[in-house]
Structure formats: C-alpha cells, structure tokens
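A.B. asks: need the 3D shape of this:
(one chain, ligands or ions: 1)
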Amino acid sequence: MKVIEKIDELRLYLEPLRCKISEKKSQKTIGFVPTMGALHKGHISLIKEAKKKSDFVVCSIFVNPLQFNNTGDFTNYPISLEKDKKMLEKAGCDLLFLPNSDTMYQNPVRTKMAFEALDNVMEGTHRQGHFSGVGIVVAKLFNLVEPDHAFFGQKDLQQFAIIQQMVNDLSFPIELHCCTIKREEDGLAMSSRNRRLDEDQRIIAPKVYESLILTKKMLKKGESVEKSQQAGISYLDKYKEFETEYLEIVDASTLQPLAPKKKLKKIDSATRIAICVATKLGDIRLIDNIIID
Ligand code: AMP
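C.D. replies: Numbers count the residues shown, from 1 in each chain. The predicted structure is shown next:
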C-alpha cells in the first residue's frame, strides 16, 4: 500500500491512473473511503465495498479539527496509525492519504457551509458547526482525490444525507454509497470512540441499540410516533449513566421528524423511516440508528 502525506504528491500519483495510457492499460476507477482513523471492522467493510466497485481504492485518515465542536473530544480522539496501516493493507487498500492539519489547512479556513433543513435537526442542533466542518473537509478531499465512487457508513446517516445534498448541489461527478452498520455481537455499533469506554460503560453501551429496537417494536405494534419515541428514551433513562441528547423518529430521506400522533399504518409505505439516537456515556458520545423499510 502506498502512503502519501502531501497534496502535490497525491495528485501526481493519481493522475496517470485516471488517463488511458495505452491500449493495454485501461483507465482505472477510483473508490474513496474518508476516515478519521482508529479503524475497526466497520471502516474495513467500506474498503471492501470500495474494492468491489472500483479498480483502485484510496483511504484517507485525517482527524479533522473543523468538525469538532468539543475540544476534549478532539484531543482525546483515539489514534492507532500503525495498526490502521496493517488493517488497510490486509483489506487490499491501494493508497493511504495521510495529511496533517498544516497540509490540509495551510491558511485558516474562512469558508462555511450551510445545509438548511438537513442541518436543523439532530446532530446539527447538538453539534454547532459540525456539518460545516464535515462539508469542508469532504469537499476538499473530493477535490484532491477526484474519486468516481465514495463510500460512507449509514452509522452517520445525517452526514451521508448532507454529503449527498452537497454532491448534488455542487455537481461533483461522484457516485456515493451508503454502507450498512457493522455491530459488535451484542449489538453495539462499532465506533472508534468505543475504545474509550471503560468496562462498566462497555457493558451498558449496547442498551443504545436496544432502545432503537424497542422503539421500532412499539411502532410496529401500532403505537404512535410520540409513544414509541418516549418508550425508547425512557428505556435509556433507566440507566443513570446515559445522558440522552435525542431519540428521533424521522423520514430517512429528509431527516425531518414524523408527526407525533402518526402511526405506522398511516405512513405512506414508500417512506423509509429512520430511528436515530445520540447519548452520552460519561464524556463519550454514542450515536446509532436503524432504518425501517
Ligand atoms: P469516522 O472515522 O468515524 O469518520 O468514519 C469513517 C466512515 O466510516 C464514515 O463514513 C462512517 O459512517 C463509517 N463508519 C463508522 N462506523 C461504522 C460502522 N460501525 N459500520 C459501518 N461504517 C461505519
């Protein structure tokens, strides 16, 4: 696996891959997986998906300061570079782009991005400026890598919706892919932040997923959106360790909350419903979601 830290070198390396060099050597499609490192099987599943859909796979590892609204979260963000490299190599990643902050942001970034309705719910309201930072870094990485395909996880459902809107609005010629959430055996969604959980926190962390399953069951049983949501929240509230920020039942495309009195049978069957949760265990913020088709 090639490792590149500098922008010019990255561009020089990728350019010939895209061009048809001779009759024998055909143009390669580039698949891209942006990450913040501390890799786990969820990230690797994106690399594997990228390998299926493209000829050459690029992964980036960059802990993007612009998207952290909480300095503690940024400074404590786990790093395991040597292990990450081994995992990527084993998964068949072709190139790792590993810029540092000075490389990515030579000058302070003054540009902001706004995503309107998609940013006015859930993560957007609880993490001011977060999606602007995500938009900037993803747009920048798209400009540097110029991939044909880019792969993201459903784990960050709102992030995917926002990037899809940005790609459409700004006409990036990139096909986006939303990959399923990889979970531990007990249901906990894999996340780099999970490695900061202590033993007791790790034991109750799967309750986050259980709260989503319970909410879904209530909806399926015919309870209203409001009652089902309340059941999910109360389930987590039973454990004093959780400080829940939201548990929302939303339209999976628009991410807008469904009307509180609505029941599943009154919802158009074409609507995909997502149940999304964010809660804190100590200073570790966990998010998860499930989609009901
Ligand atoms: P991160 O390193 O947390 O920025 O994540 C990089 C990419 O991996 C994002 O597109 C995430 O949505 C995705 N991802 C994170 N956790 C998982 C998971 N458990 N399963 C699948 N994809 C994931």
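
A.B. asks: please enumerate the helices of the stretch 101-250 of the chain.
C.D. replies: 101-104, 123-126, 130-145, 157-169, 199-204, 207-221, 225-237 (DSSP state H, counting those that start in this stretch).

A.B. asks: who's in contact with the residue nearest the centre of the chain?
C.D. replies: Centroid-nearest residue in the chain, with Cα atoms, centre = their mean: Asp156, separated by 3.4 Å. Counting by Cβ atoms under 8 Å, 6 or more residues apart in numbering, Asp156 touches Ile287. From N, CA and C alone the C-beta is placed, and that goes for glycine too.

A.B. asks: state the pLDDT value of it.
C.D. replies: Asp156 is assigned 98 on the pLDDT scale.

A.B. asks: now do Asn69
C.D. replies: Asn69 is given a pLDDT of 89.

A.B. asks: three-state assignment of it?
C.D. replies: Using DSSP: H, G, I helix; E, B strand; the rest coil, the structure places Asn69 in coil.

A.B. asks: so it sits against Phe131, correct?
C.D. replies: No - assessed by Cβ atoms under 8 Å, Asn69 is found out of contact with Phe131, at 10.2 Å.

A.B. asks: who has more neighbours out of these two?
C.D. replies: Phe131 (23 against 14; other Cβ atoms under 10 Å).

A.B. asks: need the contact list for that one.
C.D. replies: So Phe131 contacts 67, 113, 115, 118-119, 123-124, 158-159, 162 (Cβ under 8 Å, 6+ apart).

A.B. asks: and Phe151, by the same measure?
C.D. replies: Contacts of Phe151 (Cβ under 8 Å, 6+ apart): 31-33, 46-47, 49-50, 176-177, 179.

A.B. asks: apply 7 Å and report the result again.
C.D. replies: Phe151 makes contacts with 31, 33, 46, 49-50, 177, 179, as judged by Cβ atoms under 7 Å, 6 or more residues apart in numbering.

A.B. asks: what do you get for Ile174?
C.D. replies: Contacts of Ile174 (Cβ under 7 Å, 6+ apart): 142, 147-150, 167.

A.B. asks: and the protein, which of its residues are near the ligand?
C.D. replies: 35-36, 42-43, 45-46, 152-153, 155-156, 179, 181-182, 189-192 (Cβ under 6 Å from any ligand atom).

A.B. asks: out of the contacts of Ile174, who's nearest Ala252?
C.D. replies: Among the contacts of Ile174, Val167 lies closest to Ala252 (Cβ to Cβ), at 17.6 Å.

A.B. asks: what's the closest non-adjacent residue to the residue in the stretch 151-293 of the chain that the ligand sits nearest to?
C.D. replies: Taking Cβ to the nearest ligand atom, the ligand has its nearest neighbour within the stretch 151-293 of the chain at Gly153, 2.5 Å off. Computed as Cβ to Cβ, 6 or more residues apart in numbering, the closest residue to Gly153 that is not its neighbour in sequence is Cys179, at 5.4 Å.

A.B. asks: wait, the one you found sits on Ile44?
C.D. replies: No - using Cβ atoms under 7 Å, Cys179 makes no contact with Ile44, being 10.7 Å away.
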